[in-house]
Structure formats: structure tokens, C-alpha cells
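Engineer: Sequence below, structure please.
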Amino acid sequence: MKNTVLLFAVLISLLSISNIYSQGIPQTINYQGVLKDAAGVVVPNGDYSITFKLYDLPSGGSALWNETKTINVLGGIVNTQLGSVTPITSATIVGAAWLGITIGTGSELIPRITLSSVPYSIMSLTVPSGSITAIKIADAQVVKSLNGLKDNVNLVAGSNVTITPSGNNLTINATGGGGGTIGGSGTANYISKFTNSTTLGNSTLFDAGDRIGVSTVTPNFSLTVNSTPTLGLGLQVSRANGGLIGLSILEASQPTTLQGWSFEVFNQKLKINATGDNGITTLNNLMTFDRKGNVGIGTETPSYPLHVATNTKHAGYFTSDSASSATHVIHGEYTGLISDAVGVYGKSAPSNNYGYGGYFEGGFIGARGNVTSLGPGNFYGVRGSVSGGSGYNYALYGTVTSGTQNNYGVYASASGGTVNWAGYFSGNVNVTGTLSKGGGSFKIDHPLDPTNKNLYHSFVESPDMMNIYNGNIITDASGYATVTMPDWFEALNKEFRYQLTVIGDFAQAIISQKIQNNQFIIRTDKPGIEVSWQVTGIRHDKFAEKYRIPVEENKTGKDVGKYLHPDAYGVDETLGVDYENNKVNRDKK
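Structural biologist: Coordinates of the predicted model:
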């Protein structure tokens, strides 16, 4: 209602809004006032929606209590009981309070009305019978109960006990009797025990002040147990009906949730866990032991003597600072009798074309294989194999990418055998660079006796990078014959040399025209003469020009005074160029 004000001679009765209640005290506030408009005229009779709120401040703040009700106003009189809709509890008014009033949807009337004491509040100066309970008495003020007993509590002296009151004191004394006296003797710092029903004596527990010893008088720790073989283990933890049992350790100095550790026995397994601060709630299993001797790290179901499962970078990380040259940071050895057992096995095949089964890094040798053979058979220091796939397969791949002296992608040596092959290739061999050798030949099954003999031919050697071409041709009726070479002939060769031999008749043959446009012409003094020809050329392709093989060179560095083939000169093997390289390998076996 617009322009409505509440002008009142107000009667407010506060009925028992205090911290002490009884069933006979009403818990409402009587309110009465006169409702007038802004001109001071009493409003018309009718029903009005009025909202009442209680505050602990004269203005502002939040309401401690509120209720809205429809009140029938007659002659401008507003008459109601606050709390009849929303109860007013003892927690609502704990000190000074103000009443705020709103008519309909208008603004709250100002000023707020200060509540004052009324006759019922005077009753709070006395304590109604039965109104005080233990929960209404502040802690540490009075004795609320004695061993759970309340109301009138009597102390009753039992047998051989006397109770003597004196002022505010009760003196309780006990004397011997009934079961007899307790006697005995003991040793200082031993915790006593009953040796029979009336005698005390020493137990096995020794109190050293801040340490306890079991069967020892010199405990080194907070609890020290000294066991003898005849008495079994020093500490046993068991549970009669089975289930989870264990030992919890808390490191109280650590941050919350990082303090707990536990040793747990369950389902025939011993587990070491990281736990919550209660020592019970398992956060992470660290290690598991089963009764087969298997140990699991990162798994609670180990299948092997040491079974590690993790999603971190390293499933295991081992280091050693031993000064011994025989140190093995990881040693895997098979000691059984099964053939072809594997000492160390590595596998990484996450997908096709990815994964290293083994990766090794060394300061001298990255990876090394060694076999000490004890009898006949085939033995391999290092063996690689690849099968399947549709790409390029490399059973052995070696590469060197930097260095200031000689680099060897693959270096091999052999000695001490009946036949010594530094390299043996069963199949084709492709060399994209320069091949240097002490000698060379082909070796084939002998054409006349292939099952019993081999046939050798030496390579043709030259101080130049020379190519040889030959063939036979018959001159025409005029005594001429043109020999056509491949279209790449002059691009590959230079400095041509010729040889001609006539066949079947005495005749003269000459080179009538040297090689031009990949052709040369032969002429004989007779027609129809067969001529066998041979042409040589020196390579001048890009590779030959850049990597021309020197005919002579001086030995340098450690090779000076040494032989490539000391046995050919009848000198000691120690004068061989490769002796030092092989000696380093021999010394580091």
C-alpha cells in the first residue's frame, strides 16, 4: 500500500525469549500498533500483508528472524503475535534486538523498534524447576557426571576400602584382606608382572626411560627386541580369524597425506604400501612378496622372482662406482644345462618399424659379444638377423659419423685358425666407395671337377683406374670394320690404348680412326679378315676424379716402420700395422 505509515502507540510483550526455557513460558512476542496513511488518517478496514523481521542492529545488517502474515485491520488497529508463523528460538535473541516492519511490497518502515523487557522476561532471573541440563553448562566449569552417572551419585566403599570426607576432599583408602596381601620383589627399571596370584616379580620388559627393551637391558631403539633361536622370531603379528594384518609406521614430520607406510599381510602375500596418515588406507602399493619367492614392484601379482611394472621412464636404474675393471653393473647368467638359454633378453616392439631391443652406450665399446668355445661347432661373438617385412633389412649395420683419425664402420680381424676370414660374405657384396686390398681373385667350383676342386683367377691390377674392353670383328670387302662402343664410353673413359690381333691369315691390321663419338675403325690390308681387338681407358667420371687412387704414398703416424703383411716379409707380427688395434681388443677382453 503506497504512502502508508505505521503510527502507533505500541504494546510489545516479550514472552520468554531467553536462554532459559520451561514448558510454562510462551515463546512469542505480542505486538499491537495503529496503521495510518501518510496524511495521518487511519487506513480502511481490511486484510493487510505485513512482514516482521528481527535484527541485532538498529539499521542495516541481516535479519535474524522473519515471518510474513495477513492481518485483519479494524479501525487501524494491528494486533498479532510474532512467532506464531515462524517460531522464535532461544538462539534468535541473545542481546539487544530491533523490530523491522514492512507493509505489503513497500519498503521497510523506519526507524526500527527497539525491543525492551516485559514481565515474562523477568522470569529468567529465576531458574524454573527441571530447566537446567548438562548440555547447557559450559565445559570446564562443573562436574557434569561421574563415570557416566548423573543426578545424586553415592560413593560406596567396597571390601577393605574406606571413604573419609573432609571439607571438599574425599580420601579413599584400601587395606589388605580378602584375597590376601601382595608381596614379592623386583629389579629397578624392570616392569613388574604377577609371578603368581599374590606375588610380583620381574617381567622381560625393561624400561630405560625413553626406550623399552624386551629381553635386553640395553635397548638401542624406542623398542628393542632381543630374541633367541629357541624362542622363535623376535616379533610376531597374527590374527586368529585371518584377514588383513600388518604394521603401520607414521612419519609425523612430513606433510599431511605423506606420512604413512605399512607392512600388510593378506591372501598369503606380504605388501609394503604407502598409506594415508591413518596408516591403514593404502594409497600406493610399493612392493609385494608372495610365498613362491616372487617379488613385485608396481604389481601385486608378481610372476617372476623380480617382477617390475611401471609407466615411468626407467623400470630399473642401476649404478656402481666400483673401481674394478671386472665390474658388471647388471649381471645376467644362466647356470642350467638347457641349450641356447638367454642370459639377458630385451624386447621393445611397440609397432612396426619402432623399438630397440637393446641400446648400449660405452666410452670404449658400445656393445660387445664374446664366446669361449670348448669344442667343434659354429660360434658367434655377435649375431644379427632380420626376417620378414617389405622394406630394407640389415642384419648388421655399422656407422661412424665423426672423428679426427681413421674411422671404421665395420672393423674385423681373424687369426690363429687354419683359415682366417676377417669377413665372409655368402651372397653379393656392394661397395660404393673405394676397395683397397692386398690381392684378389675369383674362386669358383672347378668346371671340370666341381665337387672336388676349386678354380682361382687373380684380378688384373693396374696403377691407373683402368677399364678394359675387347671383342672380335671381320673387315668388309674393302678391309674396313667399325667398332661401336656403348654411348657412355667416352663419358667414362679417357687416354685410350689399342691392341689388334689378326686371326686365320697373315695380314696387317691398323687403327684407321681413333675413338670418336664412341666409335673406332679398324683397317686390314686384305678383305674379310677377323680381328681380335682390345681397348683400355682411364676412368675420368666424377667419382674417379674426386677419389683418384694414389699409386704411391708415404706411410704416416704409427704406420711408419710397420708392415701391412709382416708374414710376407718374414718379420714378427708385432711389426704389423693392425697389431696395435688387435692388441687393444685382446688386452681389454
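Engineer: could you pull out the helices for the stretch 1-150 of the chain?
Structural biologist: According to DSSP state H, counting those that start in this stretch, the stretch 1-150 of the chain carries its helices in the segments 119-122.
Engineer: Low-confidence bits of it, can you list those?
Structural biologist: 1-26, 117-141, 143-144 (pLDDT under 70).
Engineer: can you give me the strands for it?
Structural biologist: Applying DSSP state E, counting those that start in this stretch to the stretch 1-150 of the chain gives strands spanning 4-6, 11-14, 29-37, 46-55, 65-73, 77-82, 98-103, 113-114.
Engineer: Can you read off the backbone torsions of residue 491?
Structural biologist: Torsion angles at residue 491 (phi, psi; degrees, to the nearest 10) stand at phi -70, psi -20.
Engineer: Now it: closest residue in space, sequence neighbours ignored.
Structural biologist: Closest residue to residue 491 apart from its sequence neighbours, by CB to CB, 6 or more residues apart in numbering: residue 541 at 7.2 Å. Quick note: C-beta positions are derived from backbone N, CA and C, even for glycine.
Engineer: quick one: the one you found and residue 492 touch, right?
Structural biologist: Yes. Because the distance of 5.5 Å satisfies CB atoms under 8 Å, residue 541 is recorded as touching residue 492.
Engineer: What distance do you get for the spatially most central residue of the chain to residue 103?
Structural biologist: Per CA atoms, centre = their mean, the C-alpha nearest to the average position across the chain is that of residue 312, at 2.8 Å. Distance check for residue 312 against residue 103: by CB to CB, to the nearest Å, it reads 72 Å.
Engineer: Roughly how far does residue 33 sit from residue 579?
Structural biologist: 124 Å.
Engineer: circling back to that earlier point, wait, which of the strands of the stretch 1-150 of the chain is closest to residue 247?
Structural biologist: Nearest to residue 247 among these is strand 65-73; the distance by CB to CB comes to 56.1 Å.
Engineer: Model confidence at residue 183, what's the number?
Structural biologist: Note for residue 183: predicted pLDDT of 67.
Engineer: got the residue ranges for the strands in the stretch 401-550 of the chain?
Structural biologist: Using DSSP E, counting those that start in this stretch, strands in the stretch 401-550 of the chain cover 441-445, 454-458, 466-474, 480-484, 493-503, 509-516, 519-524, 530-539.
Engineer: circling back to that earlier point, what about the strands of the stretch 1-150 of the chain, which gets the closest to residue 264?
Structural biologist: Of all the strands of the stretch 1-150 of the chain, strand 65-73 comes closest under CB to CB, at 55.0 Å.
Engineer: Now do that closest one: which elements does it pack against?
Structural biologist: The contact analysis (3 or more CB pairs under 8 Å, 6 or more residues apart in numbering; DSSP states H and E) places strand 65-73 against strand 46-55, strand 77-82.
Engineer: who wins for proximity to residue 192 among those?
Structural biologist: When these are compared by CB to CB, strand 46-55 sits nearest residue 192, at 66.2 Å.
Engineer: what's that closest one packed up against?
Structural biologist: So strand 46-55, by 3+ CB pairs under 8 Å, 6+ apart, packs with strand 65-73, strand 77-82, strand 98-103.
Engineer: With distance to residue 483 and mean neighbour count added, can I get those in TSV?
Structural biologist: Shown next, in TSV, are the helices and strands packed on strand 46-55 (distance: least, CB to CB, whole Å; neighbours: other CB atoms under 10 Å):
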stretch	distance to residue 483	mean neighbour count
strand 65-73	123	15
strand 77-82	133	18
strand 98-103	126	19
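Engineer: As TSV, those strands with distance to residue 554 would be great.
Structural biologist: As requested, the helices and strands packed on strand 46-55 are exported to TSV (distance: least, CB to CB, whole Å):
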stretch	distance to residue 554
strand 65-73	112
strand 77-82	121
strand 98-103	115
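Engineer: For residue 464, which of the ones you listed is the nearest?
Structural biologist: Closest approach to residue 464 among the helices and strands packed on strand 46-55 is made by strand 65-73 (116.1 Å; CB to CB).
Engineer: any idea of the angle that closest one forms with strand 29-37?
Structural biologist: In terms of direction (axes from the mean of the first three to the mean of the last three CA atoms, to 10 degrees), strand 65-73 departs from strand 29-37 by 60 degrees.
Engineer: Helix, strand, or coil at the residue nearest to the centre of the chain?
Structural biologist: The three-state assignment at residue 312 reads coil, by DSSP: H, G, I helix; E, B strand; the rest coil.
Engineer: closest to residue 307 out of the helices and strands packed on strand 46-55?
Structural biologist: If you check each of the helices and strands packed on strand 46-55 against residue 307 by CB to CB, strand 65-73 wins as the nearest, at 67.5 Å.
Engineer: now the strands for the stretch 201-350 of the chain?
Structural biologist: Listed in chain order, the strands of the stretch 201-350 of the chain (DSSP E, counting those that start in this stretch) span 212-214, 223-225, 245-250, 260-266, 269-275, 282-290, 295-297, 306-308.
Engineer: what does the average pLDDT come to for stretch 315-334?
Structural biologist: Mean pLDDT, computed over stretch 315-334, is 90.
Engineer: Please disregard the earlier target; I meant stretch 547-559.
Structural biologist: Here the average pLDDT along stretch 547-559 is 89.
Engineer: partners of the closest residue in space to residue 157 that isn't next to it in sequence in the sheet?
Structural biologist: On the basis of CB to CB, 6+ apart, the spatially nearest residue to residue 157 that is not a chain neighbour turns out to be residue 163, at 4.8 Å. Assessed by DSSP bridges, residue 163 has beta-bridge partners residue 172.
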